[in-house]
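**Q** Kindly return the folded structure for what I paste below:
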Amino acid sequence: MSEFRIFFELGLQHILDYREGIDHILFVVAICAVYLAKDWKRIIILVTAFTIGHSITLALATLNVIRVNAELIEFMIPMTILLTCISNFYRREHEIVTKKIHINYLLALFFGLIHGLGFSSYLRSLLGKDQSIVSQLFAFNVGLEAGQLVIVAIFLVVTFIFVDLFGIARRDWRIAISAAAGGIAFMLMMEAKYW
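**A** Below you'll find the model as predicted:
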């Protein structure tokens, strides 16, 4: 098995493992909650912005360029989910449809920076003393992006069923999804209390 494939699969498993990757799954669902299936291009931009942020800090932390308090990051990750969910409550429907640039793009990029710090110590231990980690990081992040797109596809199908077929109001769907994801994020924050 090639090294690229190993790290690609590691990135894919990192996001799709519902036990270990629940924070990533919740974040992707939270940033997608304001959109419908027809908004798929905007969602891809969001997911890619998150991956870019995640990739930057993952690389910097893995290379020991920056060091972070792991307990603080474990607390901040569910906080990013909760903040995204809270911002979803205050979104106006006409802004979601008409605005070209959404605050969610910036949130996804910024919060991706925080999420990237959470996996760096594990990835660093896998890489060992290997100084040439560019290809491994690239493969991991491509796998991460692929996993996020799988979550997006599943979420959009479920959204289509409930909103387009069953006729649930877009606003009600957004609030229900955000409340559920925010509630789980709050519980994760309480488990990872930093104070």
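
**Q** okay, CA-based contacts and neighbour counts for the rest of this
**A** Noted.

**Q** in the helix ranked longest in the chain, what counts as buried?
**A** For the chain, the longest helix by residue count, based on DSSP state H, is helix 134-159. For helix 134-159, a neighbour-count test (16 or more other CA atoms under 10 Å) marks 136-149, 151-152, 155-156, 159 as buried.

**Q** what's the pLDDT at the residue nearest to residue 22 when sequence neighbours are not counted?
**A** The shortest distance from residue 22 to any non-neighbouring residue, by CA to CA, 6 or more residues apart in numbering, is to residue 15 (7.7 Å). We note a pLDDT of 86 for residue 15 in this prediction.

**Q** just residue 102 next, same as before
**A** pLDDT for residue 102: 64.

**Q** Tell me the spacing between residue 92 and residue 174.
**A** As judged by CA to CA, to the nearest Å, residue 92 and residue 174 stand 11 Å apart.

**Q** So for those two, which sits in the more crowded spot?
**A** Neighbour count, other CA atoms under 10 Å: between residue 92 and residue 174, residue 174 has more, with 21 against 11.

**Q** Check whether residue 46 really touches residue 31, as I assumed.
**A** Yes: with contacts counted by CA atoms under 8 Å, residue 46 reaches residue 31, the gap being 7.5 Å.

**Q** anything in contact with each of these two?
**A** 104, 108 (CA atoms under 8 Å, 6 or more residues apart in numbering).

**Q** about what we covered before: after the helix or strand hosting the residue nearest to residue 22, next one along is what?
**A** Assigned by DSSP states H and E, residue 15 belongs to helix 3-16. Per DSSP H and E, the first helix or strand lying C-terminal to helix 3-16 is helix 22-32.

**Q** that older thread, buried residues, the helix or strand following the longest helix of the chain. List them.
**A** Where DSSP H and E defines the elements, the next helix or strand beyond helix 134-159 is helix 170-191. Using 16+ other CA under 10 Å as the burial criterion, the residues of helix 170-191 that qualify are 170-171, 173-175, 177-179, 181-182, 184-186, 188-189.

**Q** quick one, what contacts residue 17?
**A** Contacts of residue 17 by CA under 8 Å, 6+ apart: none found.

**Q** I meant to write residue 44 there.
**A** Residue 44 neighbours (CA under 8 Å, 6+ apart): residue 149.

**Q** Equivalent analysis for residue 29, please.
**A** With CA under 8 Å, 6+ apart, residue 29 has these contacts: 151, 152, 155, 177, 181.
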